[in-house]
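[1] sequence plus predicted model, see below.
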Amino acid sequence: MDCGPFTNACGGPDKFIVWSEIALMAKWKQRISHEKAGVRPIGRAFLAAFLCAPVVLACAPSASAFELFGFRIFGSSDDEDADIADPLRYSVTLTAPDADEALTERLNDASSLVADVERPVSGSLGLISKARSDRERLVAALYAEARYEGVVTISIAGQPIDDLPPDTTFTEAQPVPVTIEIAPGPFFTLGDISLEGDAAGLLPEEFGLMRGGDAGSNVVLTAEARIVRKLKEGGRPLATVTGRDVVADHDSATLDVTLTVAAGPVAAYGETSVEGTEEVDRDFTAYMTGLPRGRTYAPQEIDDARERLQGLAVFNSVTVREADALDADGNIPIAVEVSERKKRYYGVGATISNTDGLGLEGYWGHRNLFGRAEKLRIEGAISGIGGNGTQDDEPDEALNYVKNLNYNAAIMFEKPGVIGPDSRFFANTRVLLEHPDAYDRFSAKGSMGVAYDLTKRQTVSAELAIEYARITDAFNPERDFLIVSTPLQYVFDARDSKLDPKSGFRLLAFAEPSYDALGRVPFLKIKGEASAYYSLDTAGKFVLAGRLVAGSVVGAEIDEIPADRRFYSGGGGSVRGYAYQGIGPKNLDGQPRGGVSLVETSAEMRFAVTERFGIVPFIDAGTVSEDPFPDFSDFRAGAGVGIRYLTPFGPLRVDGAIPLNPGPDDPDFGIYAGIGQAF
């Protein structure tokens with residue numbers, strides 16, 4: 001079964017592991033000066049502050065225990081401890097009397113003894129090793145907070161770990177008590193800052209290094225990376241730090257920093273080599289990096305190449321890096337290392353509602369059909385089983401019951417790189433039978449098109465589609481359509497995250513010229529969407545989000561436009577508090593007729609209560625009109641509150657809303673659930 005949003009990681013029973021790259025530790029060479037009284041070395045923990053936070057996420061549970069979003073569904077912790085030799089349990093107490101609440105919380109988060117207290121270690125030696133490693137982590141955490149006089153004392157069973165010989169055995173009853181005492185010391189600020197070598201002409205302030213500023217180790221390391229990046233942006237792939245002096249003056253509580261940087265020569269891309277491909281074509285992988293030989297090196301293009309290869313969805317992991325030296329022609333070789341995912345996947349799902357009944361869906365897919373990341377997906381769904389819309393006056397009329405269900409089946413194909421690495425060709429066929437409140441519709445549709453990424457943020461697409469549809473709605477008892485259309489779309493996406501944006505904006509413009517060959521009716525559907533996000537604090541815990549949608553259909557009368565091409569509003573994806581398709585013109589029986597113009601708007605305030613949970617008060621409003629331009633005579637609004645639970649693949653969303661100015665047929669409230677933010 002496919003892991004859904006986790007498939008980039010899983011591809012089967014393998015575990016999904018994400019961690020910081022500790023290989024850089026071997027490359028760290030730091031010289032610490034001792035020219036001032038009270039100065040001591042800080043290099044080892046200074047580096048550890050940059051590298052000490054591994055994060056491990058597993059999407060494949062063991063056979064005897066299962067956890068979902070951090071909660072154990074079944075199985076015991078003893079099942080996980082079976083592979084630990086000589087398991088030894090311990091308890092831990094961390095105290096930092098002179099630290100404020102925020103620093104104490106960071107220290108607790110940095111401690112592996114605290115984080116792993118529920119899991120035993122391997123014998124007494126394992127506990128001693130863990131405690132000594134934890135001390136370095138905690139010192140590194142203090143350095144990250146600019147506390148360079150911090151002292152961490154760890155004792156096991158009342159004995160300081162420095163006094164314990166390696167063969168110590170703890171014979172007392174478990175859990176063995178462990179105490180961590182931390183004296184954080186004073187807060188250091190930056191003193192003298194000097195950039196030398198090829199960085200001599202740069203201003204330290206431009207990179208966050210200023211006298212009297214924050215001297216945390218992360219600040220200095222981040223500035224160093226930004227300086228090297230600045231030089232690389234000039235086409236110099238070998239830019240590197242060649243000298244680093246960090247001096248802590250304990251008398252003045254200041255940190256002096258001297259960085260020496262060598263820029264290296266300007267170079268173009270050389271040969272792109274690929275390792276790790278098995279089923280995916282090696283030359284195609286190199287082509288999809290978009291790094292042609294002879295073009296001047298740019299670090300952003302290296303980042304883009306990595307993201308482009310990851311976006312192919314055929315690789316578990318992707319590494320794109322420059323060589324350590326230029327080739328004989330003075331170019332910089334590029335090395336690509338990948339590991340492939342499983343080619344095939346499948347999945348099933350179900351939904352249930354007291355009004356819509358039971359829904360079942362399934363899909364099968366292939367990620368690498370012909371060896372060049374071609375994707376094929378076959379999916380099908382049945383819904384409305386037992387729902388209100390499928391109840392028949394005569395229960396024995398099984399045929400009518402089956403006809404009233406909703407069916408949806410599709411075959412979708414995509415081929416990347418058809419007109420350059422940033423392009424993809426797609427072709428789809430879909431057959432569906434659906435019965436929403438507004439109409440009954442049978443449709444068979446085929447389409448093909450091309451999407452192209454103009455930039456990292458801008459995408460355009462063009463499509464040719466042919467659809468046969470038979471529709472019964474409020475205007476037409478039964479009518480056939482044969483529609484030829486060319487959907488065109490432009491998207492500008494400047495959000496910081498697609499799953500849970502906290503800043504930026506997204507714009508979408510859509511136009512679909514269409515022609516009904518049976519009715520000889522041309523019409524044009526246009527639609528625009530805009531959403532914006534603004535964080536009220538630096539941590540992104542308070543985010544204001546807004547959305548505006550407007551659209552119109554022109555060129556034909558409303559009864560000549562297929563019912564599914566008209567506009568409707570209401571429901572979880574538009575105006576919450578109202579039923580799906582519940583806003584807009586209706587006939588005398590209360591059946592939605594749809595409209596030819598639409599305006600919707602939403603505003604949310606997203607509060608992060610904890611790292612996992614959030615609360616979202618919101619208000620939505622919308623109107624649908626039978627005129628090409630909205631008259632706002634039937635403007636509806638709804639308001640409510642939602643909760644969010646953050647997961648690695650996006651927030652789980654549950655919203656409850658009430659209509660603020662309901663009509664006679666509108667519900668008293670609505671509850672909506674989904675994955676991802678509402679917009």
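    Happy to help now that I have it.

[2] find the nearest non-adjacent residue to residue 543, please.
    Of all residues not flanking residue 543 in the chain, residue 606 sits nearest, at 4.3 Å (C-beta to C-beta, 6 or more residues apart in numbering). C-beta coordinates here come from the backbone N, C-alpha and C atoms, glycine included.

[3] residues near that neighbour, how many?
    By other C-beta atoms under 10 Å, 26 other residues sit near residue 606.

[4] and for residue 646?
    For residue 646, the neighbour count with other C-beta under 10 Å is 17.

[5] need the contact list for it.
    Residue 646 is in contact with 500, 611-614, 652, counting by C-beta atoms under 8 Å, 6 or more residues apart in numbering.

[6] how close does it sit to residue 360?
    Going from residue 646 to residue 360 by C-beta to C-beta, to the nearest Å gives 28 Å.

[7] cool, residue 221 as well?
    Residue 221 sits 52 Å away from residue 360, going by C-beta to C-beta.

[8] more neighbours, those two?
    Per other C-beta under 10 Å, whichever of residue 221 and residue 360 has more neighbours is residue 221, with 17 against 14.

[9] tell me the pLDDT of the more buried one.
    Residue 221 carries a pLDDT score of 94 in this model.

[10] output the contacting helices and strands for the helix or strand it falls within.
    Following DSSP states H and E, one finds residue 221 within helix 217-232. The contact analysis (3 or more C-beta pairs under 8 Å, 6 or more residues apart in numbering; DSSP states H and E) places helix 217-232 against helix 43-51, helix 123-144, strand 240-249, strand 254-262.

[11] and the residue most central in space within the chain, what element?
    Residue closest to the mean C-alpha point of the chain, counted by C-alpha atoms, centre = their mean, is residue 499 at 4.7 Å. Per DSSP H and E: residue 499 is located in neither a helix nor a strand.

[12] now it. Nearest residue, chain neighbours left out?
    residue 650 (3.9 Å).

[13] for the one you found, name its beta-bridge partners.
    Here residue 650 sits in beta bridges with residue 647, as judged by DSSP bridges.

[14] show me where the stretch 501-650 of the chain has helices.
    With DSSP state H, counting those that start in this stretch, there are no helices along the stretch 501-650 of the chain.

[15] how close does the residue nearest to the centre of the chain sit to residue 357?
    30 Å.

[16] so where is the stretch 251-400 of the chain shaky, pLDDT-wise?
    When residues are selected by pLDDT under 70, those of the stretch 251-400 of the chain lie in 353-356, 387-398.

[17] let me see the ranges of the strands in it.
    For the stretch 251-400 of the chain, the strands defined by DSSP state E, counting those that start in this stretch cover 254-262, 269-275, 315-322, 332-340, 344-353, 357-366, 375-385.

[18] just the stretch 401-550 of the chain next, same as before
    Along the stretch 401-550 of the chain, the stretches classed as strands by DSSP E, counting those that start in this stretch are 406-416, 423-434, 439-453, 458-473, 479-485, 488-493, 504-516, 521-535, 542-554.

[19] tell me the buried residues in stretch 147-158?
    147-150, 152, 154-157 (16 or more other C-beta atoms under 10 Å).

[20] just stretch 158-175 next, same as before
    Quick answer for stretch 158-175 (16+ other C-beta under 10 Å): 161, 164, 168, 170.

[21] can you list which of these are found in helices?
    Secondary structure from DSSP state H places none of these in helices.

[22] for those, which one is nearest residue 553?
    The closest of the buried residues of stretch 158-175 to residue 553 turns out to be residue 161 (C-beta to C-beta; 74.0 Å).

[23] my read: that closest one touches residue 168, true?
    No: between residue 161 and residue 168 there is no contact, the gap being 9.5 Å when judged by C-beta atoms under 8 Å.

[24] which parts of this structure belong to which domain?
    As assigned by automatic domain parsing, the chain contains the domains 4-25+51-183, 269-340, 417-675.

[25] could you give the average pLDDT over the last one?
    Over the span of domain 417-675, the pLDDT mean works out to 93.

[26] now do the end-to-end distance for that domain.
    From its first residue to its last, domain 417-675 covers 30 Å (C-alpha to C-alpha, to the nearest Å).
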